[in-house]
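Visitor: Structure for the following, please:
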Amino acid sequence: MIKPILISVTAVFSLTSTSYAFNLPPSLQNNNLYQRTTHSLSSYQIHRPLHIHKYTNFQLSSSANSIEEDDDIISSSAVADRAPCFDNGVCATFPDDEEDESLSQSMRSEEQSPQVTAKVNGDSIISSDNTSTTYTGEAIDRLGTMTGPTVWSEFGRLSAENPSIANLGQGFPDWLPPPFAVESLVSATIDSTKSPHQYTRTAGHPKLVTQLARRYTQHLHPTDSKESIDPMNEVAVTVGASQALYLSLQTLVKPGDEVILFEPFFDLYVNQIKLAGGTPVFVPLTFVPYNSDIGGANGDKVNENEEEVTGGTWILEQEKLEEKISSKTRAIILNSPHNPTGKVFTLSEMQMIADNVIKAGPQCVVISDEVYKYIVHSPPKDNEHMEMTKSCPGHVHFASLPNMWERTITVSSAGKTFSATGWQVGWCIAPSHLISPIHQLLPYVQFCASTVIQEALARSLPLADEPYEGYSSYYEYLNEKYRRKRDLLSSALKDAGFAIPDYDETCGGGFFIFARITPELKKALPGYRLEEPFSTNPAAPGGTARLDWALCQWMAEEKGVLCIPSSPFFSRERALEGASDEFIRVAFCKTDETIEKAALALKSLRDDIGEDGEEEDTVVNKDEEVLVAAAGGSM
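Guide: Numbering: from 1, shown residues only. Below is the predicted model:
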């Protein structure tokens, strides 16, 4: 018996019957496939209540007084959270997409269920002719169906359901910040003379913007002593890099403007562009396997004799960028080091982007997202590239290129560098004509970022330049730490059967490995995982869980290791074409213990790669047919 599921303060779904027969004969209930399927379906229904009508006949109760809290169902983080939860919340009340809403209306009409007034992203009013009108603001309208569950809420749920899982998914370190940063925070908190517990300057705490201006003067104008960053007019401090990106787009983009993204891309960018009224334009990066002639994966030409699936390098091709540049191009978002692939854009690629910025016209600006700039664990071997990166080894600041300072907003934050993603202090560095609009908008978005945290960061920055743990600076220590963790995880992924980059050949940065799924791993994945009901998932692009998603979900649910599918980092069209099928994103910003635990879980994947793989798939399919027949429906 499935208990009632609380979905909001105004309505309760009471499950009365399902289209799957849970009262099957005991002989079939003992079948492993049946147990896995019913577990998955019940999990699917519990955690996706607004999509539950696909599988369940339900009744609605409109009485708020009838709601009873059930500790077995309601977690402290769950019930009415419509936000895209990051790691351990359950996003329980998302609006349906248009197709689901149409189906829901049809079912309500056919079954003459009681009508309910509910609030989802605004006031929803049920009219007399059995239709509902939902009133929402323009921001929600611009997002459209993109306000539902996300890859983060979906895999965050899986992590929350299994606290012992080896989590290589979310991109945050699972250790403390360096001691000098923690001590700076403590000292800032108890400093009675300066008492940084009240509002500070909206555009940034004076002590922090002074430190940032000094540092970026060294980064962007290292050879010109006459040039210096103005801390009051060319720096803006924000609540994390995400807000810096949001404000940059809000001050640049008008409806009709286009913003170029290099694909795959960090999924946050797309909706922020839409919120600003802009149109995302995707420029695909090309994956070049090590054994290819030209191009690479996803339909590009490779060796006819290619048998082994290898790692490779992601490159930006000039013609693909040029064909998307136009007079409508308002901005290009550049993320280097790159999330999710780990790519470090080369100096020649950056110069190619700069040339196209000029070509697009005076309106075109680059937003350079550089949150991983101090983590370049495999720098390019090009001497000219490295010559430009002395203040930040391996990383080229796009704004330091000739004529690009006036056309660039540089975005970064403290979270990745100091292993303190919860500090949520980010910033923009740009000439005053680009920073001034951000200063104007800041008071209406957030009066100021936390004064205490800004003070702590201002104290930490000079300390990070000092010798640390036997290294010349904290930054050198950090890079070496990530290099070692990368190698530890790389070895585990290769042993499990994934194809990964060769970092002696491919430059890399950040703390993700974009691992390639081999045919052997695809064979290990149970066939039913690519079929209904497992293949239906509203968080996946187009509502379909393809190979990358199915493999990651199977690994999380049955193997005890959590990774992130690659499809959310691609445009919907390209994901549905299969461009993302071969890749998953794996994070190595984790303790050695977590990585070693993951290595043991990954090793178990090899146990499922055997000569009898095809035979096992045949048995599974037969079991599915029995289950479907008993249920009286189709999967």
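Visitor: which regions of the chain sit below the pLDDT cut-off?
Guide: For the chain, applying pLDDT under 70 flags the ranges 1-134, 145-147, 223-226, 293-307, 608-635.
Visitor: repeat that with 80
Guide: The chain contains residues with pLDDT under 80 at 1-136, 144-148, 192-195, 222-226, 292-307, 606-635.
Visitor: and stretch 577-587, how far from the chain's centre?
Guide: In terms of Cα atoms, centre = their mean, to the nearest Å, the centre of stretch 577-587 is set 13 Å apart from its chain centre.
Visitor: ends of it, how far apart?
Guide: End-to-end distance for stretch 577-587, by Cα to Cα, to the nearest Å: 26 Å.
Visitor: Contacts for it next, please.
Guide: 168-171, 264, 284, 297-298, 309, 340, 489, 493, 498, 511-517, 546-548, 551-552, 563-567, 569-570, 574 (Cβ atoms under 8 Å, 6 or more residues apart in numbering). Glycine gets a C-beta too; all of them are placed from N, C-alpha and C.
Visitor: Equivalent analysis for stretch 243-259, please.
Guide: 236, 238, 268-269, 272-273, 275-281, 326, 328-333, 365, 367, 369, 409, 411-413, 426-428, 434, 437-438, 440-442, 445-446.
Visitor: Which among those residues count as buried?
Guide: 236, 238, 269, 272-273, 275-278, 280-281, 328-333, 365, 367, 369, 409, 411-413, 426-428, 434, 437-438, 441-442 (16 or more other Cβ atoms under 10 Å).
Visitor: In strands, which of these fall?
Guide: Among these, the ones falling in strands (DSSP state E) are 236, 238, 280-281, 329-333, 365, 367, 369, 409, 411-413, 426-428.
Visitor: ok, R459 - how many residues close by?
Guide: By other Cβ atoms under 10 Å, 20 other residues sit near R459.
Visitor: and the closest residue to it other than its chain neighbours, how many residues sit next to it?
Guide: Leaving aside its sequence neighbours, R459 sits nearest to S184 (Cβ to Cβ, 6 or more residues apart in numbering; 3.9 Å). Burial of S184 is recorded as 23 neighbouring residues (other Cβ under 10 Å).
Visitor: Identify the residues contacting the host helix or strand of S184?
Guide: Applying DSSP states H and E as the criterion places S184 in helix 179-190. For helix 179-190, the surrounding residues in contact (Cβ under 8 Å, 6+ apart) are 176-177, 194, 196, 418, 420, 452-453, 455-457, 459-460, 463-464, 468, 474.
Visitor: For ChimeraX, what selects the buried ones among these?
Guide: Buried members of those, defined by 16+ other Cβ under 10 Å, are picked up in ChimeraX with:
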select :177,196,418,420,452,453,455,456,457,459,460,463,464,468,474
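Visitor: Is it correct that K320 is in contact with F282?
Guide: No: in this structure K320 lies outside contact range of F282 using Cβ atoms under 8 Å: 9.7 Å.
Visitor: measure the residue nearest to R459 to L457 for me?
Guide: 8 Å (Cβ to Cβ, to the nearest Å).
Visitor: Over to A464?
Guide: From A464 to L457 the distance is 10 Å (Cβ to Cβ).
Visitor: Mutual contacts of these two, please.
Guide: Common contacts of A464 and L457, defined by Cβ under 8 Å, 6+ apart, comprise F418.
Visitor: could you pull out the helices for the stretch 101-250 of the chain?
Guide: 138-143, 151-161, 179-190, 206-220, 240-252 (DSSP state H, counting those that start in this stretch).
Visitor: For the second one, list every residue counted as buried.
Guide: Neighbour-count burial for helix 151-161 flags V151, W152, S153, E154, F155, G156, R157, L158, S159, A160 (criterion: 16+ other Cβ under 10 Å).
Visitor: distance between stretch 378-388 and the chain's centre?
Guide: On Cα atoms, centre = their mean, the centre of stretch 378-388 falls 28 Å from the chain's centre.
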